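**Q** The amino acid sequence is not available; the structure is as follows:
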């Protein structure tokens with residue numbers, strides 16, 4: 001058999017033709033990958049632990065906002081006093097008021113920046129554990145559904161592959177009671 005193939009190849013070579021190449025046998029069709037999609041923004045809006053974290057954060061934010069509003073009101077009051085009373089004030093008094101206003105404004109800007117940084121930190125502290133819990137739920141649902149991959153961002157995702165609702169239910173099933 002090997003000699004026949006060599007002779008046939010030699011005959012084709014001598015004739016200036018190439019030996020016909022046999023196609024490899026068809027491979028077994030690979031199973032299609034199973035994918036899923038989860039809308040993490042919706043998960044983080046609708047799961048109970050995220051809602052509880054948002055309520056706690058809102059309480060802190062509201063208290064801080066009141067402090068900032070009081071500082072703004074104080075600055076406006078001082079600014080109005082400067083504008084109204086500017087002509088009757090002596091040059092020294094006007095400079096003192098302007099310096100006071102500048103310091104108050106600087107203090108406000110510093111507090112505003114500190115507040116923004118602290119708020120971002122508190123938000124990460126509050127949302128971080130919930131995000132971890134959601135990621136564990138995504139993994140559990142993916143394993144239950146025998147999914148090969150789960151995407152969290154997509155330009156389009158069919159309802160057929162959307163596992164968001166299952167993830168929300170899984171997170172809420174493991175959530176502590178609302179009182180905690």
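**A** Happy to help now that I have it. Note that the structure is a prediction, hence the values are computed from the model and not measured. Residues are numbered from 1 along each chain as shown.
**Q** And the helix or strand hosting residue 44, what does it pack against?
**A** Here residue 44, judged by DSSP states H and E, is contained in helix 40-46. The elements that helix 40-46 packs onto, with contact taken as 3 or more Cβ pairs under 8 Å, 6 or more residues apart in numbering; DSSP states H and E, are helix 91-144, helix 164-173. In this view, the C-beta of every residue, glycine as well, is placed from N, C-alpha and C.
**Q** If you count neighbours, what's buried in that helix?
**A** For helix 40-46, the neighbour count (16 or more other Cβ atoms under 10 Å) marks 43-44, 46 as buried.
**Q** got CSV for those, with pLDDT and distance to residue 55 too?
**A** Below are those laid out as CSV (pLDDT from 0 to 100; distance: Cβ to Cβ, whole Å):
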residue, pLDDT, distance to residue 55
43, 96, 17
44, 94, 14
46, 95, 14
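**Q** Can you tell me which of those residues is nearest residue 82?
**A** residue 44 (46.1 Å; Cβ to Cβ).
**Q** My guess is the closest one contacts residue 132. True?
**A** No: in this structure, residue 44 is not within contact of residue 132 by Cβ atoms under 8 Å, at 11.9 Å.
**Q** Do you know the pLDDT at residue 3?
**A** We have a pLDDT of 42 for residue 3.
**Q** Look up how far residue 99 lies from residue 32.
**A** 73 Å (Cβ to Cβ, to the nearest Å).
**Q** Of those two, give the one with the bigger neighbour count.
**A** Taking other Cβ atoms under 10 Å, residue 32 and residue 99 do not tie; residue 99 has more neighbours (10 against 7).
**Q** Can you tell me how far that one is from residue 47?
**A** 51 Å.
**Q** what's the least confident helix or strand in this structure, going by average pLDDT?
**A** helix 2-14 (a mean of 43; mean pLDDT, DSSP states H and E).
**Q** Who are the packing partners of the next helix or strand after that helix?
**A** Next in sequence after helix 2-14, counting helices and strands by DSSP H and E, comes strand 35-37. When contacts are defined as 3+ Cβ pairs under 8 Å, 6+ apart, strand 35-37 sits against strand 149-151.
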